[in-house]
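[1] for reference, the sequence and a predicted model appear below.
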Protein chains: 2
Amino acid sequence: MKNADSFVAALHEWAEITMRRSMRNVMRHTKESGLSMSQMGTLFYLQRCGHSGVSGLGGHLGITNAAASQMLDRLVEQGLILRSEDPQDRRIKRLTLTEQGRQMIYQSLHAHQAWLEELSASLTPQEKEAFIPALRTLTEKAKQIK
Amino acid sequence: MKNADSFVAALHEWAEITMRRSMRNVMRHTKESGLSMSQMGTLFYLQRCGHSGVSGLGGHLGITNAAASQMLDRLVEQGLILRSEDPQDRRIKRLTLTEQGRQMIYQSLHAHQAWLEELSASLTPQEKEAFIPALRTLTEKAKQIK
DNA sequence: CTTTATAATTAACCCCGCTTAACTAATAAA
DNA sequence: TTTATTAGTTAAGCGGGGTTAATTATAAAG
């Protein structure tokens, strides 16, 4: 179990570094875009889950349906999401990203990422080649969780 | 340059995964703690830069000094940071984390981290052992950036 | 058909974060 | 010493994001 423990410890440290960077960058870009963190979180959630209802979104963000509904008003107004009726159950509003909304997410993920290039530049070619499998496997496995 | 490119690509993918996770987790924990994202960002900033003045904080967060000053009122009130005079230049207020503030950051980084254990569990012992050097080197190099 | 449950919205309200503008205090420059 | 600059706070006001409670509309159950 020694290896497993030190692996988890190393993973935690690496995750902590990337989380700090990520949060800073997302907060920056979110502010630059004139959105609130809840709004940006909504866009990310919708991209990941395909489409959702208002309650699903509220539950995900940990806010009431009322709050979610009001926030959606502004996102719709800005043309970032679409709020349409579910044809199966007309009580449900089907929330989907617009093309503009998808672009916003893309920019948010790729803005302020120069540090990744810097990190890459600080490694030797041998290290880079050796680390690629690790990164790919971790990413792939992480995608499958929950 | 092929390896370098695919390395950066793999790095980007990993960053994207952790960004999505951390955004949700940090927002959750921040809400649970009764703090705003700006307040949490302030704590993280102060931990990273040691100590800062009000203007420095405002500049970092992209808000006015007035806004920073008001937000600090609440953080001081909650016992998370200390606002003391700089003995060299008494116009400057020296902002530092309290022990409670440091604990808040620690909790924020480690709350909702079960997915890392899950991720670890989804790997074979051979993979874990093989990945440890990569994680350690990446962490160490990333710490030295900027 | 009537009743009940579910999904979402609306209204009234509060708090917070942010802005601008005016102000105080301390340092630097003339 | 007088003036200008810098750091920070205060005050007034706006708008957003959150809440609860009441309301509408649809679907499901009796």
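    Received it, and whenever you're ready, just let me know what you need. Residues are numbered from 1 along each chain as shown, chains lettered A, B, ... in the order given.
[2] the lengthiest helix in chain A and chain B in contact?
    Taking DSSP state H as the criterion, chain A has its longest helix at helix A:2-32. Yes - in terms of Cβ under 8 Å from any Cβ of the partner chain, part of helix A:2-32 sits within range of chain B, namely A:3-4, A:6-8, A:10-28, A:31-32. Heads up, the C-betas are built off the backbone N, CA and C, glycines and all.
[3] list the contacts for the residue most central in space within chain A?
    Chain A has residue A:44 as the residue nearest its centroid, 4.6 Å off, counting by Cα atoms, centre = their mean. For residue A:44, the contact set (Cβ atoms under 8 Å, 6 or more residues apart in numbering or on different chains) comprises A:105, A:108, B:20, B:23-24.
[4] quick one: it from residue B:107, how far?
    Applying Cβ to Cβ, to the nearest Å, the value for residue A:44 to residue B:107 is 23 Å.
[5] returning to what we had before: the residue nearest to the centre of chain A and residue A:69, how far apart?
    19 Å.
[6] and residue A:141, what element?
    Using DSSP states H and E, residue A:141 sits in helix A:125-144.
[7] what's that helix packed up against?
    Of the remaining helices and strands, those touching helix A:125-144 by 3 or more Cβ pairs under 8 Å, 6 or more residues apart in numbering or on different chains; DSSP states H and E are helix B:2-32, helix B:114-121, helix B:125-143.
[8] those helices: which one's closest to DNA strand D?
    helix B:2-32 (7.5 Å; Cβ to the nearest atom of the strand).
[9] how about that closest one, does it reach chain A?
    Yes - Helix B:2-32 reaches chain A (Cβ under 8 Å from any Cβ) through B:3-4, B:6-8, B:10-24, B:26-28, B:31.
[10] enumerate the positions of that helix that are buried.
    Residues of helix B:2-32 classed as buried: B:7-8, B:10-31 (neighbour count, 16 or more other Cβ atoms under 10 Å in any protein chain shown).
[11] quick one: the following helix or strand past it to helix B:2-32, angle?
    Using DSSP H and E, the helix or strand that follows helix B:2-32 towards the C-terminus is helix B:37-49. Helix B:37-49 and helix B:2-32 are oriented at 120 degrees to each other (axes from the mean of the first three to the mean of the last three Cα atoms, to 10 degrees).
[12] return the distance of helix B:37-49 from the chain's centre.
    Put simply, helix B:37-49 sits 7 Å off its chain's centre (Cα atoms, centre = their mean, to the nearest Å).
[13] now the lowest-mean-pLDDT helix or strand in chain A and helix B:125-143, what's the angle there?
    Taking mean pLDDT, DSSP states H and E as the measure, helix A:2-32 is the helix or strand of chain A with the lowest mean score, a mean of 87. Angle of helix A:2-32 versus helix B:125-143, following the same axes, to 10 degrees, is 40 degrees.
[14] how near is the closest residue to residue A:6 other than its chain neighbours to DNA strand C?
    The spatially closest residue to residue A:6, leaving aside those adjacent along the chain, is residue B:132, at 6.2 Å (Cβ to Cβ, 6 or more residues apart in numbering or on different chains). In this structure, residue B:132 and DNA strand C are 39 Å apart, going by Cβ to the nearest atom of the strand, to the nearest Å.
[15] enumerate the residues of chain A near DNA strand C.
    A:53-56, A:65-66, A:68-70, A:72-73, A:83, A:89, A:91-93 (Cβ under 7 Å from any atom of the strand).
[16] next step: these restricted to strands.
    Here DSSP state E is the test, and those give A:83, A:93 as lying in strands.
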